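Student: The amino acid sequence is not available; the structure is as follows:
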């Protein structure tokens, strides 16, 4: 069985489909160079999750929240530190409208507004996930903040699902000396250390270095991990007009007893299996080590109000998993249970280049903004597979111990055949794009753009010939009207173009997804611009979205999964979000999403996605008591009813508190899942009666030193 082959996983082309001038073209007014981890705020600054963000993102139009005709969320350093959001899964789980699908211990997917999140960026440059999945865990310590724009990414790409764009903003050298050292202890013997140092070099240069080590056991039996992060960034002015930035970062994640699909929840006769919360379907010898290295360089040349920037990024991803997939329901009477196991080795090399210009111009008595650019991406992936030697149950199959016995998920380590090349694939993307903000009057604004993209793929993947050559032009338009100084109405429209590599039963690739995305809403600045609120209605229609149909046995690679193109998939809904400070010391953020998701027959589609979600966080600060802060966050979702597995509605509550022990030394405590709620991490595989329980109540304490 291929690692990425399931009904719910994106595949090769999606690695390259997002690009260039960051979809999170957002910024907050009132801050000139707010690059420190805890910048000062004032009443003229929009505040999101309690802290300001830089005036511009690293690329693209410098649009404020009020100027962006889409829904925007920022998770900043204060929120990350208050709630110890050290991993991207925990971080994105706090974002309004984003659903985190923990498929297994070491693979995760995300969705928003009914569709998979395929647009992932770093500093506004598209570096999306391989196969639309997170392998292992991405450590958030690499990033200064995360910007999320929900809806189609028509502003800068016009390519990808109309779900959300996640823009991860890297740490960079700061203007002053900065030191942050922290240590964590937590449930299941978790230990973590962090160090982050930034210092100027002379008047025009700076360097920043950081590292983190994280290790822990788990509530799941046998599972544990070690994770290491290192990074170095140098930035400075070559001339007064020319700025150079270069950096390197590496993340290595090494889990043991990593699961592959989770637990089968029923016997062959349909009787439910009452698993313990700690049950892990993987043997102790299963593993899934992953490593990722990134090297990047930027040159930015300023000419008056204009900037020309070139960015070159190289990324290498490697993994070497040895994993076992329980391949069917156990037999209740006999305890008979088969698994499918393979060893894999993946090497993915990716180069991305982006060149663009952005700035302002005057016309008709108004100032306007414009950005235009081109980008190129090249990805080369090779994956090798070695299936277990046939011992009488088929190639790759192993007989697990008696399921009714005490050692049901611990078969002996099998012998594997030599690894053979299973995937050898090259993907290329060439793009051109333009985006502008046209101010007709002081109150009426147009944000418009267009993107042309050509995607080409070639090679083989698990017995399938890959031959894709598609291109499309996609326009985008958004209109905003300032009703008052504090209230703006907006509407936006874009077309959708998404090449896909899922195959039909004849092993022919499906045609690209096409469709439209519309949203409209109101945005408000309240309390002297300390508080932000938005209400949005959205409607998306896609034609040709792949839907899993079935599988056929492949004697070499295991099962071949095939799909059909759904004539129409329509999502429509409403979203409400607030963020900021009600008072100078009281911070709140959160929102509510409700939607309908229907297919061509007007019946519920993708039923594993909750139709209503609510997320809310609040923190109260008492500066006079050693900067005491305390708060809570709640995440609620409606019930899920798949064909085999149900999930009642549930709410998860987390608590946090922090205080300065002495100057520059702070202690923080976080309690997660306060009520010890029992629930599934995901029901993506719910139609097959597969799931895995989420973590019980846990705690984490940290002490940090900063100056």
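Tutor: Perfect, I can see it now. Given the structure is predicted, the values throughout are model-derived calculations rather than measurements.
Student: which parts of the helix or strand residue 493 falls within are buried?
Tutor: Following DSSP states H and E, one finds residue 493 within strand 487-498. For strand 487-498, a neighbour-count test (16 or more other C-beta atoms under 10 Å) marks 488, 490, 492-498 as buried. C-beta here means a position set from N, CA and C on the backbone, and glycine is covered the same way.
Student: packing partners for that strand?
Tutor: Using 3 or more C-beta pairs under 8 Å, 6 or more residues apart in numbering; DSSP states H and E, the elements in contact with strand 487-498 are strand 464-482, strand 513-526, strand 531-543.
Student: May I have the residues that are in contact with the residue lying closest to residue 184 once chain neighbours are set aside?
Tutor: Excluding its sequence neighbours, the residue lying closest to residue 184 (C-beta to C-beta, 6 or more residues apart in numbering) is residue 192, at 3.8 Å. Residues near residue 192 by C-beta atoms under 8 Å, 6 or more residues apart in numbering: 86, 182-184, 186, 212-216, 702.
Student: rerun at 7 Å
Tutor: 86, 184, 212-214 (C-beta atoms under 7 Å, 6 or more residues apart in numbering).
Student: Ok, residue 314 next?
Tutor: 295, 351.
Student: What ranges does the stretch 551-700 of the chain have for its strands?
Tutor: 558-566, 569-583, 586-598, 612-622, 628-637, 640-641, 646-647, 650-662, 665-672, 690-691, 698-706 (DSSP state E, counting those that start in this stretch).
Student: quick one: strands adjacent to the longest one?
Tutor: Yep, that's strand 569-583 we're talking about. strand 531-543 (antiparallel), strand 586-598 (antiparallel) (DSSP bridges).
Student: Turn these into JSON lines, including mean pLDDT and mean neighbour count.
Tutor: Converted to JSON lines, those look like this (pLDDT from 0 to 100; neighbours: other C-beta atoms under 10 Å):
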{"stretch": "strand 531-543", "mean pLDDT": "93", "mean neighbour count": "21"}
{"stretch": "strand 586-598", "mean pLDDT": "96", "mean neighbour count": "20"}
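Student: Of all those, which one is nearest residue 261?
Tutor: Of all those, it is strand 586-598 that lies closest to residue 261, at 23.7 Å by C-beta to C-beta.
Student: in the sheet, who's paired with residue 199?
Tutor: Beta-bridge partners, per DSSP bridges, of residue 199: residue 207.
Student: Just the pLDDT at it, thanks.
Tutor: In this model, residue 199 is scored at 97, pLDDT.
Student: Residue 368 versus that one, what's the distance?
Tutor: Applying C-beta to C-beta, to the nearest Å, the value for residue 199 to residue 368 is 39 Å.
Student: How far off centre is stretch 341-361?
Tutor: Remark: stretch 341-361 is offset 15 Å from the chain centroid, using C-alpha atoms, centre = their mean, to the nearest Å.
Student: Show me which residues of that stretch are buried.
Tutor: 341-346, 348, 350, 352-356, 358-359.
Student: quick one: low-confidence parts of the protein?
Tutor: Counting by pLDDT under 70, the chain has low-confidence residues at 1-60, 127-132, 153-161, 551, 553, 558-559.
Student: in it, which spans are helices?
Tutor: 77-82, 88-92 (DSSP state H).
Student: As JSON lines, these with mean neighbour count and distance to residue 570 would be great.
Tutor: Below are those laid out as JSON lines (neighbours: other C-beta atoms under 10 Å; distance: least, C-beta to C-beta, whole Å):
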{"stretch": "helix 77-82", "mean neighbour count": "22", "distance to residue 570": "34"}
{"stretch": "helix 88-92", "mean neighbour count": "21", "distance to residue 570": "25"}
